[in-house]
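Colleague: from the sequence below, what's the structure:
(2 chains)
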Amino acid sequence: MIRLDNVTMMFTGGTRPAVDRLSLDVDRGDFVTLVGPSGCGKTTTLKMINRLIEPTSGRILINGQDALAVPAYELRRSIGYVIQQIGLFPHRTVAQNIATVPLLLGWDRARIDERVGELVELVGLEPAILTRYPPELSGGQQQRVGVARALAADPPVLLMDEPFGAVDPIVRKRLQQEFLQLQQRLGKTVVFVTHDIDEAVFMGTRTAILNMGGVLEQYDTPETILAKPANAFVENFLGGERGLKRLALRPVSQIGLERGPVVDVATTGDEALRVMDEHEVDWVGLVDGDRLLGWVDGSKLDGGDLRLLEPRPFLVSLDSQSSLREALDAVVTSHARVAVVVDDGVYKGMLDLEAIAEEITE
Amino acid sequence: MILAQESGPLFDWDWVARNWDQIIDRTWEHVTLTVVSVAIGMALSLGLSIVAVRWRKAYAPITWITGLLYTIPSLALFALLVPIVGLNATNAVIALTSYTLLILIRNTVAGIDGVPASVVEAADGMGYTRRARFWKMEVPLALPAIVAGIRIATVTTVGLVTVTAVLGLGGYGFFILRGLNTFFWTQIIVGVTLSVALATLFDLGFVWAQRWLTPWARGAR
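Modeller: Sure, this is the predicted structure:
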């Protein structure tokens, strides 16, 4: 979809190239994060794709066509662009901001209105906001408008330059998750610049790690980069807790869950004791059909009716979409040393420390 | 004071009634000289501002030349222009216009420079052509600064028009000059008061116009 072929960018007056003979292929539907220390040329690389910066040498192909083949403004109208400072037009209402590219493309009024309505819903904004001006909005709202504006003409490619860098960490996390959900539906080809390695591995399907002067150190899936850093620079840049970072990338659903020491309340206390022995634990989980009730201490079992016991709830409960990192947290904070997984009230199973560790060291 | 004794009461309402037609004529003259001069000044400075924004190197010479014009005393400038264009309204308009340039250009360029870089980058990234970006983004966003310049230029021009009385024009300046020559206070007061009132009206008009032109700046901020 996007191909950078031996691209070099030398700014006038610079002694070293900002980007040095960089080659990078981005497949259709890929979410590529460009990450590296400041001065690594990641923003320059991004801006060369929509020709806000034109390379000194090398070629950039978009959908097989040389980016230089069409006028820059025409190329840019076919590429969504989101920047950290958002750059909403303060003299235009939210609706007019979102309609920017459709207006430039000369869509008719009715089509634009319909599209703006769709987008507002898509990015989770209230329609009432449409007649307001950008300075009246919160940072999170502004960022959503920025995303809606970039998506307005339904461009196949989206370029994002630290789009969530200016909002506070809590809003950032939410915007990241929302955007990933959006991306699952839209399937855009995204190139996303960030200086934050955690954001890079969380958001990307592929991550490009750049070194000073636009040197590509490693370009692979986040999983592979974390598991097998190509060199000392990448290892150093990834920082500590690489194991935890990898766990954060994997959903619980990837692991085969155990049913664990769990019995149905319809069975007997003897059965419960047998299950406890089998799993070599001093507690037992109780389910009622597919509903998880909680757990009871083995000493409370008296062979009587399990329905008469008062099970204690598991404090942390995950669903299939939770990450293994969250699962690990649940394990170490739970009395029973397990993390239970429940989807929409249905008990799916549990996992323990060993299962998580196996997953990471395989 | 001797002046007051000689000319009877300090303000003679009868004079105002008797000379009403002339006051109307001079009002028209004052307004015309002001509007024509400021309008030409606006057109010229917009052109020169575009040049200055587009070619940064041109900005220093432009401000240097218009700054020089600004320092020439108005009486001297009128006199300098007499051999070239004669003793007429053209002379007045050229001089008055030249005084508006520095203020208008400085404010326009400052206003355009004040447009946030992120807005410019976003406009470029969305696919605005350079020309469209200038007219649809930079000019509207520079409007508060541009209007501020127009307000100063207009108020200054209203005052300076009175000096063109030496050319036989002058708007309200005609009354001031004649009043000074004849020690007749009523004419001086009429000339000064109306001139100040006119400047105030223009200024209020621009304040209102700016509110109307920049609805986005009205909201909470």
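
Colleague: okay, CA-based contacts and neighbour counts for the rest of this
Modeller: Fine.

Colleague: residues in chain B within reach of chain A, list them.
Modeller: Within reach of chain A by Cα under 8 Å from any Cα of the partner chain, chain B has these residues: B:116, B:118-122, B:124-129, B:137, B:140-141, B:214-217, B:219-221.

Colleague: try it again with 10 Å
Modeller: By Cα under 10 Å from any Cα of the partner chain, the part of chain B that sits against chain A consists of B:115-130, B:132, B:136-137, B:140-141, B:214-221.

Colleague: now list the buried members of the residues you listed.
Modeller: B:115, B:118-129, B:137, B:140-141, B:216-217 (16 or more other Cα atoms under 10 Å in any protein chain shown).

Colleague: what is the burial count for residue A:90?
Modeller: Residue A:90 has 20 neighbours, counted by other Cα atoms under 10 Å in any protein chain shown.

Colleague: flag the shaky bits of chain A, pLDDT-wise.
Modeller: Where chain A drops to pLDDT under 70, the residues are A:362.

Colleague: get me the contact residues on it for chain B.
Modeller: So chain A meets chain B at A:47, A:50-52, A:71-93, A:100-101, A:104-105, A:132-136, A:146, A:149-150, A:159 (Cα under 10 Å from any Cα).

Colleague: just the ones in helices from those, please.
Modeller: If you go by DSSP state H, the residues of chain A next to chain B have A:47, A:72-77, A:100-101, A:104-105, A:146, A:149-150 in helices.

Colleague: center of the chain, which residue is that?
Modeller: Just going to use chain A. residue A:203 (3.1 Å; Cα atoms, centre = their mean).

Colleague: that's the wrong chain, I meant chain B
Modeller: Nearest to chain B centroid, counting by Cα atoms, centre = their mean: residue B:154, 2.5 Å.

Colleague: make sure that residue is indeed in a helix.
Modeller: Yes: residue assignment for residue B:154, taken from DSSP: H, G, I helix; E, B strand; the rest coil, places it within a helix.

Colleague: and the closest residue to it other than its chain neighbours, how many neighbours does it have?
Modeller: Spatial nearest neighbour of residue B:154, excluding adjacent residues (Cα to Cα, 6 or more residues apart in numbering or on different chains): residue B:38 at 6.4 Å. Look at residue B:38: counted by other Cα under 10 Å, it has 28 neighbours.

Colleague: that older thread, look up how far chain B lies from the residue nearest to the centre of chain A.
Modeller: Taking Cα to the nearest Cα, to the nearest Å as the measure, residue A:203 and chain B are separated by 23 Å.

Colleague: hang on, the earlier thing: just the buried residues of the residues of chain A next to chain B.
Modeller: For those, buried by 16+ other Cα under 10 Å: A:47, A:50-52, A:72-93, A:100-101, A:104, A:132-135, A:146, A:149-150, A:159.

Colleague: how about the helices in the stretch 101-250 of chain A?
Modeller: A:109-122, A:139-151, A:169-186, A:197-203, A:222-227, A:232-238, A:242-249 (DSSP state H, counting those that start in this stretch).

Colleague: residue A:285 sits in which helix or strand?
Modeller: Using DSSP states H and E, residue A:285 sits in strand A:283-288.

Colleague: so which of the residues of chain B next to chain A belong to helices?
Modeller: Within these, residues falling in helices by DSSP H are B:117-126, B:130, B:132, B:140-141.

Colleague: distance from the chain centre to stretch A:113-121, please.
Modeller: Distance, stretch centre to chain centre, for stretch A:113-121: 24 Å (Cα atoms, centre = their mean, to the nearest Å).

Colleague: meant to ask about stretch B:84-95
Modeller: So, by Cα atoms, centre = their mean, the centroid of stretch B:84-95 is 16 Å from its chain's centroid.

Colleague: show me the shaky parts of chain B.
Modeller: The low-confidence ranges in chain B, as defined by pLDDT under 70, are B:1-8, B:219-221.

Colleague: what ranges do the strands span in it?
Modeller: Assigned by DSSP state E, chain B shows no strands.

Colleague: please, where are all the helices along it?
Modeller: B:2-6, B:13-18, B:20-54, B:56-71, B:74-85, B:89-113, B:117-126, B:130-133, B:139-161, B:173-182, B:185-213.

Colleague: which of these is buried the deepest?
Modeller: Mean neighbour count (mean count of other Cα atoms under 10 Å in any protein chain shown) peaks for helix B:89-113 among these, with a mean of 23.

Colleague: from the contact counts, what lies against it?
Modeller: In terms of contacts (3 or more Cα pairs under 10 Å, 6 or more residues apart in numbering or on different chains; DSSP states H and E), helix B:89-113 is packed against helix B:20-54, helix B:56-71, helix B:74-85, helix B:139-161.

Colleague: quick one: contacts of the third one?
Modeller: Residues from elsewhere that reach helix B:74-85, judged by Cα atoms under 10 Å, 6 or more residues apart in numbering or on different chains: B:69, B:71-72, B:86-88, B:90-96, B:98-99, B:160-161, B:163-164, B:166-167.

Colleague: what does stretch A:124-131 give?
Modeller: Under Cα under 10 Å, 6+ apart, the answer for stretch A:124-131 is A:92-98, A:116-121, A:136-137, A:141-142, A:144-145, A:148, A:178.

Colleague: just the buried subset of these, please.
Modeller: Buried among the contacts of stretch A:124-131 by 16+ other Cα under 10 Å: A:92-98, A:116-117, A:119-120, A:141-142, A:144-145, A:148.

Colleague: mind listing what's buried in stretch A:245-255?
Modeller: Under 16+ other Cα under 10 Å, the buried positions of stretch A:245-255 are A:245-252.

Colleague: what's the closest of these to chain B?
Modeller: Nearest to chain B among the buried residues of stretch A:245-255 is residue A:249, at 31.9 Å by Cα to the nearest Cα.

Colleague: so that closest one is in contact with residue A:227, correct?
Modeller: No: Residue A:249 sits out of contact with residue A:227 when judged by Cα atoms under 10 Å, with a separation of 11.6 Å.

Colleague: so which of the helices and strands packed on helix B:89-113 is nearest residue A:221?
Modeller: With Cα to Cα as the criterion, residue A:221 lies closest to helix B:139-161 of those, at 43.6 Å.

Colleague: my guess is residue A:225 contacts residue A:204. True?
Modeller: No: using Cα under 10 Å, residue A:225 is not in contact with residue A:204, being 11.6 Å away.

Colleague: now residue A:314: phi and psi?
Modeller: Main-chain torsions, residue A:314, degrees, to the nearest 10: phi -70, psi 130.

Colleague: checking the closest residue to it other than its chain neighbours next. Helix, strand or coil?
Modeller: Nearest non-adjacent residue to residue A:314, counting by Cα to Cα, 6+ apart: residue A:294, 5.7 Å away. With three-state DSSP as the basis, residue A:294 sits in strand.
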